[in-house]
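Peer 1: model the following, please.
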Amino acid sequence: MKLTELLDCELPTPIDFSRFNWKEIFGTVKATDGLKRPQTRGLRTEIQEIATAKHSDGQFTYVGTKENGKDYYSSNGFAWEDKSTVGMFSGRTKTKQFILKNFQGNNTGEIKKTFDYILLKDTGSMSVAWATWEAVRKNVVVTDATIKSHVNYCDLHFIETNVVPSNKGNFAQTLEKLIEELV
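Peer 2: Coordinates of the predicted model:
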């Protein structure tokens with residue numbers, strides 16, 4: 001099934017995604033593309049999540065630095081997680097596998113519900129979809145170090161595909177200049 005066919009499905013949405021500015025959100029994704037080395041991945045994620053909240057028209061409040069296992073609260077009180085990767089929607093029947101929890105080799109084996117919904121972004125195709133906790137939970141794989149999952153396409157609700165991002169420059173280059181000035 002093509003992404004455009006999935007967009008045609010009439011599905012109830014927990015918030016009004018038409019109020020989000022996806023061009024600005026994916027503009028931030030593109031601007032932070034150079035922050036993929038291990039030292040800057042966390043910063044990249046934080047910047048992208050802050051941008052999602054900022055461009056949600058007040059529907060998301062960012063809590064990713066204050067709460068564990070969720071990135072936003074929606075204006076209607078639901079907890080949201082956010083996962084992004086290149087090729088998230090490249091599979092034939094399901095999303096790419098993503099890490100829900102990294103235990104750094106010390107897994108307690110506990111799977112706790114920390115969010116109600118998940119926002120999934122494909123940073124290659126600049127596409128976004130959402131799913132429920134239940135859709136994530138039924139595909140959980142627990143290892144010594146991580147809890148991973150994926151979402152079957154039949155449980156995925158596409159919001160936008162192939163967004164043309166706004167041009168926000170190259171944040172990695174700006175950061176390198178700032179670091180050079182500092183040191």
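Peer 1: and residue 38, what does it touch?
Peer 2: Residues in contact with residue 38 (Cβ atoms under 8 Å, 6 or more residues apart in numbering): none are found. From N, CA and C alone the C-beta is placed, and that goes for glycine too.
Peer 1: give the helix, strand or coil label for it.
Peer 2: coil (DSSP: H, G, I helix; E, B strand; the rest coil).
Peer 1: any idea of the pLDDT on it?
Peer 2: Note on residue 38: pLDDT of 89.
Peer 1: compute the distance between it and residue 44, please.
Peer 2: Separation of residue 38 from residue 44 (Cβ to Cβ, to the nearest Å): 11 Å.
Peer 1: now swap in residue 122 and tell me
Peer 2: From residue 122 to residue 44 the distance is 15 Å (Cβ to Cβ).
Peer 1: try residue 174
Peer 2: Relative to residue 44, and taking Cβ to Cβ, residue 174 is found at 13 Å.
Peer 1: more neighbours, these two?
Peer 2: Between residue 174 and residue 44, counted using other Cβ atoms under 10 Å, residue 44 has the larger neighbour count: 22 against 12.
Peer 1: so that one belongs to a helix, correct?
Peer 2: Yes: Residue 44: assigned to a helix according to three-state DSSP.
Peer 1: list the contacts of it.
Peer 2: Per Cβ under 8 Å, 6+ apart, neighbours of residue 44: 32, 35, 36.
Peer 1: buried subset of the residues you listed?
Peer 2: 32, 35 (16 or more other Cβ atoms under 10 Å).
Peer 1: quick one: the helices in this protein?
Peer 2: With DSSP state H, the ranges of helices along the chain come out as 3-7, 22-31, 41-54, 133-137, 171-182.
Peer 1: how far off centre is the second one?
Peer 2: Okay, so that is helix 22-31. 12 Å (Cα atoms, centre = their mean, to the nearest Å).
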